[in-house]
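J.: The sequence isn't on hand, but the structure is:
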């Protein structure tokens, strides 16, 4: 009996224990859920599977990471497009945000993809990486992925050619600069190491050189130019200094010193460098530059025709030597290399060996040569070197102590000294209550109105004209009957246009109203605004008429007004006065009316952003409706829209107003 009881207890205990985690089963379910999530473009299938699968959270996260990598591997083998791979990586990013996979998963997937794809497809993948730089810099991803991203970018740079894929290499460097802070020491050359792999290749065999031969032979062998192919202004300039192989060799040998400046601290190397430099700089002084007109012509041709040609390395062909020496841009590059070299030789670099010290003679030659070419180019480089020498301190400054606290931070703050009170006469509290400004004329002007706020509120300081006064002349000129030529219109005056824009921004709702019209110039825009204002503003004052003509016109107008029925009045476009009066009553109900006036959601959001006053919003809604409907912006159509919107009281009041006005 006891043994059977124990068996039954074990069975019941086994039935109550939770199911164990199974790696193959979990991987299979996660794979299916991931496919489903990619198909429906939602994370819900993965979230449901993560909650249903038994096991600890770490076990399920690791399994889901493996499932992602398996799916990426299958897509790469099947040569799927880049969009499918990016969708998987985006799904992994969302999974990290929801906490169902580890933070390093998107970076591992990116590394797998970039390692397996060719460079043209890597360009598309890296565009995705660039766009999500804000995601990588967030707290959730930065600490877990910065090393992955750095390794991934370095692997890409090793695969790319610096001369053929220059743009792609530059994009990677810019991405790293945006990703890491400026004080990140992994991106700084703290030990002042040089790129010794940057070797400039040129012809070192004098027997193979074509320099030094006669100009006619050179033209026959290497520069066969047809007659009329080169103009007179494009012909190469002649020079008294012969360009032979020795000059060519010495010139390009200097690049080795620019590549590795440490050689200049050796006596033999310095003598060679000094000899070559003096000859090259002497050639720069005596060799004639290109004609200024010819250079301008070449620049215009480059601007108008094709893309700009860029070379990552110097072109060291012997045939280009005379053209390079006469090119001002090429000389500027060489002189800049001299300045960079001189600054390193003279500068205080933290990791420079103590044996690297210039002699007085070397320092004097560098100083004299620097004065000949220096133009304040490298001032900021000195600050950059000093910042690195100090250990790259943070750019965030600490709060400074108060000005009156002169002692250490722990000491008690000193009380500020009391200021001597100003005399009563100066403050206007004397017997004559006059404020003295130190000058008779200033005292007179100030005491015209001693209260500054009252002086600012004075009506005499209201310099802004009304819309009617300012645009009266422009409205008259816009009337075709006046036959005013365009060049004489006020809207073509730039001063008038500037003042008109400021006035419209302060007094007219049309200025902030969005429109689909595109205007090429300011006069065209103002012409359109004048036409709109002419419909709203009252007509300009006319000359006084006398006699029977005036009486006849008044009688005709009265007859027309009496003959017009209320229905005719409702079919006329609403005037500016009617819209302004109705906007006050519409008030907070403008939002309910907007959809029935066929206003777009973007227009409604724009109205809400422009003003917080409900009356102003209502007026802007009616103005936008009038611009949209034009002649169909009648009281009848507005009454119909109010009825559809459930604003029957407002529709009835507008009907009564229209009937009473008729």
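T.: Great, that's in hand. In this text, all values refer to a predicted model and were calculated from it rather than measured experimentally.

J.: Mind listing what's buried along stretch 464-484?
T.: Residues 467, 470-478, 484 are the ones in stretch 464-484 that count as buried (16 or more other Cβ atoms under 10 Å). The C-beta positions use only the backbone N, C-alpha and C, and glycine is treated the same way.

J.: Kindly indicate which of these lies nearest residue 592.
T.: Checking the buried residues of stretch 464-484 against residue 592 with Cβ to Cβ, the nearest one is residue 467 at 30.0 Å.

J.: sorry, back to before: helices - which of the buried residues of stretch 464-484 land there?
T.: 467, 470-478 (DSSP state H).

J.: And stretch 255-272, end to end?
T.: Taking Cα to Cα, to the nearest Å, stretch 255-272 runs 13 Å from one end to the other.

J.: and that stretch, average pLDDT?
T.: Mean per-residue pLDDT for stretch 255-272: 89.

J.: Now do the contacts for the closest residue to residue 508 other than its chain neighbours.
T.: Nearest residue to residue 508 in three dimensions, chain neighbours excluded: residue 467, at 6.3 Å (Cβ to Cβ, 6 or more residues apart in numbering). Residue 467 makes contact with 503, 507-508, 533, 537, according to Cβ atoms under 8 Å, 6 or more residues apart in numbering.

J.: Check which helices and strands the host helix or strand of residue 122 sits against.
T.: Element membership for residue 122 (DSSP states H and E) is helix 119-131. Helix 119-131 is packed against helix 82-98, helix 105-116, helix 139-159, helix 166-179, with contacts defined by 3 or more Cβ pairs under 8 Å, 6 or more residues apart in numbering; DSSP states H and E.

J.: ok, now with 7 Å
T.: Using 3 or more Cβ pairs under 7 Å, 6 or more residues apart in numbering; DSSP states H and E, the elements in contact with helix 119-131 are helix 82-98, helix 105-116, helix 166-179.

J.: Do me a favour and average the pLDDT over the second one.
T.: Per-residue pLDDT values across helix 105-116 average out to 92.

J.: now do stretch 471-488
T.: Per-residue pLDDT over stretch 471-488 has a mean of 83.

J.: which residues touch that stretch?
T.: Stretch 471-488 has contacts (Cβ atoms under 7 Å, 6 or more residues apart in numbering) with 489-492, 527, 530-531, 533-534, 540.

J.: Of all pairs in those, which one spans the longest distance?
T.: The widest separation within the contacts of stretch 471-488 (Cβ to Cβ) is 19.9 Å, between 492 and 540.

J.: Between those two, tell me which one has more neighbours.
T.: Legend: neighbour count by other Cβ atoms under 10 Å for residue 492 and residue 540, higher for residue 492 (17 against 13).

J.: Isn't the more buried one up against residue 523?
T.: Yes: taking contacts as Cβ atoms under 7 Å, residue 492 lies within contact range of residue 523: 4.9 Å.

J.: Identify the contacts common to the two.
T.: Joint contacts of residue 492 and residue 523 (Cβ under 7 Å, 6+ apart) do not exist.

J.: pLDDT averaged over the helix holding residue 122 - what is it?
T.: Helix 119-131 comes out at a mean pLDDT of 91.

J.: tell me which residues of that helix are tucked away?
T.: Judged by neighbour count (16+ other Cβ under 10 Å), helix 119-131 contains these buried residues: 121-123, 125-126, 128-129.

J.: I'd like the residues you listed written out as JSON lines, with distance to residue 41 added.
T.: Formatted as JSON lines, the buried residues of helix 119-131 follow (distance: Cβ to Cβ, whole Å):
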{"residue": "121", "distance to residue 41": "22"}
{"residue": "122", "distance to residue 41": "25"}
{"residue": "123", "distance to residue 41": "25"}
{"residue": "125", "distance to residue 41": "19"}
{"residue": "126", "distance to residue 41": "23"}
{"residue": "128", "distance to residue 41": "16"}
{"residue": "129", "distance to residue 41": "21"}
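
J.: which pair in the residues you listed spans the largest distance?
T.: Farthest pair in the buried residues of helix 119-131 (Cβ to Cβ) is 121 and 129. Separation: 13.1 Å.

J.: Excluding its own residues, what touches the host helix or strand of residue 531? List them.
T.: Residue 531 belongs to helix 522-536 when assigned by DSSP H and E. Helix 522-536 is contacted from outside by 467, 471, 474-475, 478, 491-492, 497, 500, 504, 510, 519, 576, using Cβ under 7 Å, 6+ apart.

J.: just those now: which is nearest residue 370?
T.: Set against residue 370, the nearest of those by Cβ to Cβ is residue 497 (52.2 Å).

J.: returning to what we had before: which one of the helices and strands packed on helix 119-131 is the most hemmed in?
T.: Of all those, helix 105-116 has the most neighbours on average by mean count of other Cβ atoms under 10 Å, namely a mean of 20.

J.: quick check: angle from that helix to helix 139-159?
T.: Relative orientation of helix 105-116 and helix 139-159, computed by axes from the mean of the first three to the mean of the last three Cα atoms, to 10 degrees: 10 degrees.

J.: got the contact list for helix 105-116?
T.: Against helix 105-116 from outside (Cβ under 7 Å, 6+ apart): 65, 68-69, 72, 76, 85, 88-89, 92-93, 96, 122, 125, 129, 145, 148-149, 152, 156.

J.: Could you do stretch 148-165 as well?
T.: So stretch 148-165 is contacted by 104, 107-108, 110-111, 114, 119, 122, 136, 168-169, 172, 175-176, 179, 312-313 (Cβ under 7 Å, 6+ apart).

J.: And the helices in the stretch 201-350 of the chain?
T.: For the stretch 201-350 of the chain, applying DSSP state H, counting those that start in this stretch gives helices covering 215-222, 245-259, 267-286, 292-304, 321-325, 328-346.

J.: Between those helices, which one is closest to residue 614.
T.: Once the helices of the stretch 201-350 of the chain are compared by Cβ to Cβ, helix 292-304 is nearest, at 54.5 Å.

J.: re earlier: so how do I select the buried members of the contacts of residue 467 in PyMOL?
T.: Remark: buried members of the contacts of residue 467, expressed as a PyMOL selection using 16+ other Cβ under 10 Å:
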select buried, resi 503+508+533+537
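
J.: for the helices of the stretch 201-350 of the chain, which one sits closest to residue 439?
T.: In terms of Cβ to Cβ, the element of these nearest to residue 439 is helix 328-346, at 54.9 Å.

J.: Give me the residues contacting stretch 135-145.
T.: Residues from elsewhere that reach stretch 135-145 (Cβ under 7 Å, 6+ apart): 93, 96, 103-104, 107, 149, 179.

J.: okay, the residues you listed in CSV with distance to residue 602 next?
T.: Below are the contacts of stretch 135-145 laid out as CSV (distance: Cβ to Cβ, whole Å):
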residue, distance to residue 602
93, 30
96, 34
103, 38
104, 41
107, 38
149, 38
179, 35
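
J.: how deep is the spatially closest residue to residue 262 that is not a sequence neighbour tucked in, by neighbour count?
T.: Nearest residue to residue 262 in three dimensions, chain neighbours excluded: residue 356, at 6.9 Å (Cβ to Cβ, 6+ apart). Residues near residue 356, counting by other Cβ under 10 Å, number 14.

J.: How much space separates residue 356 from residue 34?
T.: For residue 356, the distance to residue 34 equals 59 Å [Cβ to Cβ, to the nearest Å].

J.: Same check on residue 642?
T.: According to Cβ to Cβ, residue 642 and residue 34 sit 54 Å apart.
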